[in-house]
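Colleague: coordinates only, sequence not included:
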């Protein structure tokens, strides 16, 4: 069942745009026939479309990492990490600890508002931001944050 309606729209929006309200018309639930006709190809296409909708964009400016998440919020993190910050991010034992360390870093360098906004972001986008930030740190400082 190849379905052209599997693509997920680009969710990037400027931060001053209102978040869509729940009153907007929701798509209908899949029919039994759609469940029965669902293929691995449909699954692959749907997962790829979902993955693309959580893509994080970044800019490096003034010694800082600036990330744009799909909801339109911009987050600021330092490129120069202290040893304590590096340890906190690099020694996280699981994704929950990694996200908590990212929140602390955001609050320290971007303010409490950024840390509060982060809690409302889809976890996939936050994990992508963390992975992207770690990659940038590794490339700029020759170090790895681990997970």
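Modeller: It's in. All of these numbers come straight from a predicted model, not from anything done at the bench. Numbering: from 1, shown residues only.
Colleague: all contacts plus neighbour counts: C-alpha atoms, from now on.
Modeller: Will do.
Colleague: what separation is there between the residue lying farthest from the centre of the chain and residue 27?
Modeller: Farthest-out residue of the chain from its mean C-alpha position, per C-alpha atoms, centre = their mean: residue 33, at 33.2 Å. For residue 33, the distance to residue 27 equals 16 Å [C-alpha to C-alpha, to the nearest Å].
Colleague: next: residue 114.
Modeller: 31 Å.
Colleague: ok, these two, which is more surrounded?
Modeller: Comparing residue 114 with residue 27 by neighbour count (other C-alpha atoms under 10 Å), the higher total belongs to residue 114, at 19 against 6.
Colleague: and the residue farthest from the centre of the chain, what's its pLDDT?
Modeller: In this model, residue 33 is scored at 95, pLDDT.
Colleague: state the distance from it to residue 98.
Modeller: Shown here: residue 33 relative to residue 98, a distance of 41 Å by C-alpha to C-alpha.
Colleague: buried residues, the strand or helix carrying residue 130. List them.
Modeller: Assigning secondary structure by DSSP states H and E places residue 130 in helix 123-141. Across helix 123-141, burial judged by 16 or more other C-alpha atoms under 10 Å covers 125-137.
Colleague: and it, what does it pack against?
Modeller: Counting contacts by 3 or more C-alpha pairs under 8 Å, 6 or more residues apart in numbering; DSSP states H and E, helix 123-141 packs against helix 95-110.
Colleague: state the mean pLDDT of the helix it packs on.
Modeller: Averaged over helix 95-110, pLDDT sits at 82.
Colleague: for stretch 58-78, same thing?
Modeller: For stretch 58-78, mean pLDDT is 93.
Colleague: and the end-to-end length of that stretch?
Modeller: So stretch 58-78: terminal residues 13 Å apart, C-alpha to C-alpha.
Colleague: so how far is it off the chain centroid?
Modeller: With C-alpha atoms, centre = their mean, to the nearest Å as the basis, stretch 58-78 stands 12 Å off its chain's centre.
Colleague: re earlier: now do the residue farthest from the centre of the chain against residue 53, distance only.
Modeller: Counting by C-alpha to C-alpha - residue 33 and residue 53 are separated by 27 Å.
Colleague: now do residue 71
Modeller: 10 Å.
Colleague: can you check residue 117 too?
Modeller: Applying C-alpha to C-alpha to residue 117 and residue 53 gives a distance of 18 Å.
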